[in-house]
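Asker: Requesting a structural model of the entry that follows:
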Amino acid sequence: MTQDNRNFFLAIALSILVIVGWQYFFAQPQFEKTRQTQAELAKPATPPAPGSPDAIPAPSPTAPPQGGVTPSAPAVGVQLSRAEALAASPRVKLDSKSLFGSIALKGARIDDVSLKAYRETTNPNSPNIILLSPSGGPSPFYAELGFVGGSQPLPKFDTLWTADGDVLSEAKPLTLTYDNGQGLVFHRTIAVDDRYMFTVTDTVENKSAQPVTLNPYALVSRHGKPKTSGYAVLHEGMVGIIGDSGVQELTYDGIEKETRAQKSLSGTGGWLGFTDKYWAAVIVPDQTEPFEGRFSASGTVEKSYQTDTLEPAQTIAPGASATVATRVFAGAKETQTLDYYKDNLGIKKFDLLIDWGWFYFITKPMFALLDLIYRYVGNFGVSILITTVLVKLVFFPLANRSYLSMAKMKALQPQMAAIRERYADDKIKQQQETMELYKRDKINPVAGCLPMLIQIPVFFALYKVLFITIEMRQAPFFGWIKDLSQPDPTNVFNLFGLLPYDPTTLPLVGHFLAIGIWPLIMGVSMFVQMKMNPEPPDPIQRQMFTWMPVIFTFMLGTFPSGLVIYWTWNNTLSVIQQTFIMRRAGVKVELWDNLAGMFRKKAVT
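Answerer: Presented below is the predicted three-dimensional model:
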């Protein structure tokens, strides 16, 4: 076996290794997540009963309580249905433009919120997205507000409030009242806007003969570790901004590594809560007052996770009252909605509830451009195509220089071949003479890589936008692409749906078999683009360039279809652009010769 053959097979092995590694670490988790049903996402999570070994320790008198169970919660090992958990407390109906559900009168929790505009699948008859759920049922997830401190009895998770109405809507706020029987009367007014923001105003009247000192608190509690996508490109878990701390992002596993599974910060202004891929539940204290924010986890068998705020103590004199206002966001992470709350409600950096990433300065403008074009064309897929053209126009001067440099290099191929022949046994001399040739003709040998390098940040930004923004969720293109944020649903291995089985469900190899129509088209477009250039003289490079479209076809098979469409369109535009520039420079386009050369019989030496 010759050295070239050994290198060739080594290159193939490395290529296969890349595919296997990529499929194992990226594709397989994606398919596992896609096949999870909503029932699996709502895996029962029974919180520990008070007094059990896993019970949450009692908080100090001046710390926010850990979110607890309702007195009607089932015993350990018994799981109520969601309907049974909701029925355990008297409730007031929630019905706004964007939300529906109910408010619990027992504990005055915001613990039943569903989204009107979003469903689990593209089927318009599929269930609405359920965001918040009550304690005692599957996957408890709720917001709770109140006071700690003092010696008076204070409202708790099992306190029964009275309501002045039976429906909470954007046009009709709800006022809840509780009298502790010892001189303190609590009034809680809950208002909701036409999007996803609740405003909770608590007023405490002191009718006793003694002053009372209380600390307002607010919390979001989540029982049981939820399913997450598990990708480094997306944060899911605890998130917040506390004063000038910057964005705090803690995963469900990450909080366990903190001292006592807690992390606390103090500052003025900010917010904290939980974020999923598209949804979030967040508490927003008064932006002008200092507060202490805390992220924590507790329990050993079934974990409970919590984010909470504790505001400075307020002393209420006899005959006086005190008021504190807190906001609770529970809804979809729509870009315009979060920007609106940041700008109009003065919530510090609220737009960063979306994980724009380190390249925020590229990613968010990319989304803004896509969204702007979408408003005119009404299709995010078409918006991607138009955006690609605009990006090509912006970088045209640089690409023009790159392709001209490639044309010059092609013109020098006879001289370079002569150098290799003259110094066949002296590789160093070959390189020296070749560099002198480049220098004399003012050629940058790496200029040909620039078109690929240019699109890397654009590719990453678009990938991030497609992956994290809810606007791309279930956004259709044309034909069989019903969701640009999901992989192409067709598959070559079942003849694009003609055979009644899903190849991706096969054990061990299923996640390798995710090649749809658009990934195939992308692979062909990449192959054509690479055949536009002269064949590399080095056989190893030649084989790698031949296999690269195959590798990318497998890699992008599990990517969002919107990204594959972008890559295909970008390749097509690059072929057109390169053909135009090289013909204008009087250089022959190698495409047809290279394609024909694949079918010529090689001479036997």
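Asker: For the rest of this, base every contact and every neighbour count on C-alpha atoms.
Answerer: Fine.
Asker: which intervals of the stretch 301-450 of the chain have sub-threshold pLDDT?
Answerer: Scanning the stretch 301-450 of the chain for pLDDT under 70 picks out 406-408, 410-412, 441-450.
Asker: Can you list the residue ranges for strands in it?
Answerer: Residue ranges of the strands in the stretch 301-450 of the chain, as given by DSSP state E, counting those that start in this stretch, are 304-310, 314-316, 321-332.
Asker: Using a markdown table, please lay out the ones you listed together with distance to Gln578 and mean neighbour count.
Answerer: As requested, the strands of the stretch 301-450 of the chain are arranged in a markdown table below (distance: least, Cα to Cα, whole Å; neighbours: other Cα atoms under 10 Å):
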| stretch | distance to Gln578 | mean neighbour count |
| --- | --- | --- |
| strand 304-310 | 54 | 27 |
| strand 314-316 | 70 | 17 |
| strand 321-332 | 43 | 20 |
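Asker: end-to-end on stretch 146-158?
Answerer: 12 Å (Cα to Cα, to the nearest Å).
Asker: Begin at 2, not 1, for the rest of this chat.
Answerer: Taking 2 as the first residue, the last one we looked at is stretch 147-159.
Asker: And it, what's buried?
Answerer: Neighbour-count burial for stretch 147-159 flags Gly147, Phe148, Val149, Gly150, Leu155, Pro156, Lys157, Phe158, Asp159 (criterion: 16 or more other Cα atoms under 10 Å).
Asker: circling back: who wins for proximity to Phe479 among the strands of the stretch 302-451 of the chain?
Answerer: strand 322-333 (25.3 Å; Cα to Cα).
Asker: who does the closest one touch, helix- and strand-wise?
Answerer: Under the contact criterion of 3 or more Cα pairs under 8 Å, 6 or more residues apart in numbering; DSSP states H and E, strand 322-333 touches strand 111-120, strand 129-133, strand 198-207, strand 280-285.
Asker: so which of those is the most packed in?
Answerer: Of all the helices and strands packed on strand 322-333, strand 280-285 has the most neighbours on average by mean count of other Cα atoms under 10 Å, namely a mean of 25.
Asker: what pairs with it, and is each one parallel or antiparallel?
Answerer: Using DSSP bridges, strand 280-285 pairs in its sheet with strand 271-276 (antiparallel), strand 322-333 (antiparallel).
Asker: which residues touch the last one?
Answerer: Contact with strand 322-333 is made by 114, 116, 132-133, 144, 196-207, 217, 219, 279-287, 315, 317, 471, as judged by Cα atoms under 8 Å, 6 or more residues apart in numbering.
Asker: Specify the local secondary structure of Thr122.
Answerer: Following DSSP: H, G, I helix; E, B strand; the rest coil, we place Thr122 in the coil state.
Asker: any idea whether the closest residue to Leu81 other than its chain neighbours is helix, strand or coil?
Answerer: With Cα to Cα, 6 or more residues apart in numbering as the criterion, Leu81 has its nearest non-adjacent residue at 4.9 Å, and that residue is Gly138. State at Gly138, reduced to three classes by three-state DSSP: coil.
Asker: picking up where we left off before, can you check which of the strands paired with strand 280-285 gets nearest to Met556?
Answerer: strand 271-276 (28.0 Å).
Asker: Name the residues that touch the closest one?
Answerer: Residues outside strand 271-276 that contact it (Cα under 8 Å, 6+ apart): 221, 236-244, 281-286, 288, 294, 307-309, 348-351, 354.
Asker: For the buried residues of stretch 147-159, work out which two are farthest apart.
Answerer: The span of the buried residues of stretch 147-159, defined through Cα to Cα, is set by Gly150 and Asp159 at 17.6 Å.
Asker: State which helix of this protein is the longest.
Answerer: For the chain, the longest helix by residue count, based on DSSP state H, is helix 562-585.
Asker: For it, could you pull out the residues that count as buried?
Answerer: For helix 562-585, a neighbour-count test (16+ other Cα under 10 Å) marks 562-576, 578-580, 582-583 as buried.
Asker: quick one: that helix to chain centroid distance?
Answerer: Centroid separation for helix 562-585 versus its chain: 28 Å, with Cα atoms, centre = their mean, to the nearest Å.
Asker: can you check stretch 315-328 too?
Answerer: 40 Å.
Asker: is it possible to export the helices and strands packed on strand 322-333 to a markdown table including mean pLDDT and distance to Asn495?
Answerer: Listed next are the helices and strands packed on strand 322-333 as a markdown table, based on pLDDT from 0 to 100; distance: least, Cα to Cα, whole Å:
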| stretch | mean pLDDT | distance to Asn495 |
| --- | --- | --- |
| strand 111-120 | 96 | 29 |
| strand 129-133 | 96 | 32 |
| strand 198-207 | 97 | 46 |
| strand 280-285 | 96 | 35 |
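Asker: Distance to Phe360 for those - can I get that in JSON lines?
Answerer: Converted to JSON lines, the helices and strands packed on strand 322-333 look like this (distance: least, Cα to Cα, whole Å):
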{"stretch": "strand 111-120", "distance to Phe360": "28"}
{"stretch": "strand 129-133", "distance to Phe360": "29"}
{"stretch": "strand 198-207", "distance to Phe360": "28"}
{"stretch": "strand 280-285", "distance to Phe360": "22"}
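Asker: among the ones you listed, which is nearest Ile387?
Answerer: The nearest among these, by Cα to Cα, is strand 111-120 at 27.0 Å.
Asker: Give me the helices and strands touching that closest one, please.
Answerer: Packing partners of strand 111-120 (3+ Cα pairs under 8 Å, 6+ apart): strand 100-105, strand 129-133, strand 142-149, strand 322-333.
Asker: Restricting the selection to alpha carbons, write that strand to CSV.
Answerer: What follows is strand 111-120 as a C-alpha-only set of coordinates in CSV (Å, rounded to 0.1, in the frame of the first residue of the first chain):
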residue,chain,number,x,y,z
ILE,A,111,-50.0,32.4,40.2
ASP,A,112,-49.9,28.7,39.4
ASP,A,113,-52.1,27.9,36.4
VAL,A,114,-51.0,29.7,33.2
SER,A,115,-51.4,28.5,29.6
LEU,A,116,-50.6,30.4,26.4
LYS,A,117,-53.4,31.1,24.0
ALA,A,118,-51.2,31.8,20.9
TYR,A,119,-48.9,28.7,21.2
ARG,A,120,-49.6,25.0,20.8
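Asker: tell me the phi and psi of Thr269?
Answerer: phi -110, psi 130 (degrees, to the nearest 10).
Asker: before we move on, what about Ala425?
Answerer: With angles defined as degrees, to the nearest 10, Ala425 sits at phi -60, psi -30.
Asker: what's the answer for Ala462, then?
Answerer: phi -60, psi -40.
Asker: ok, now which ones touch Phe553?
Answerer: Gly524.
Asker: just how off-centre is the helix or strand it falls within within its chain?
Answerer: Using DSSP states H and E, Phe553 sits within helix 540-557. Averaging C-alpha positions (Cα atoms, centre = their mean) puts helix 540-557 30 Å from its chain's average.
Asker: Sounds good, over and out.
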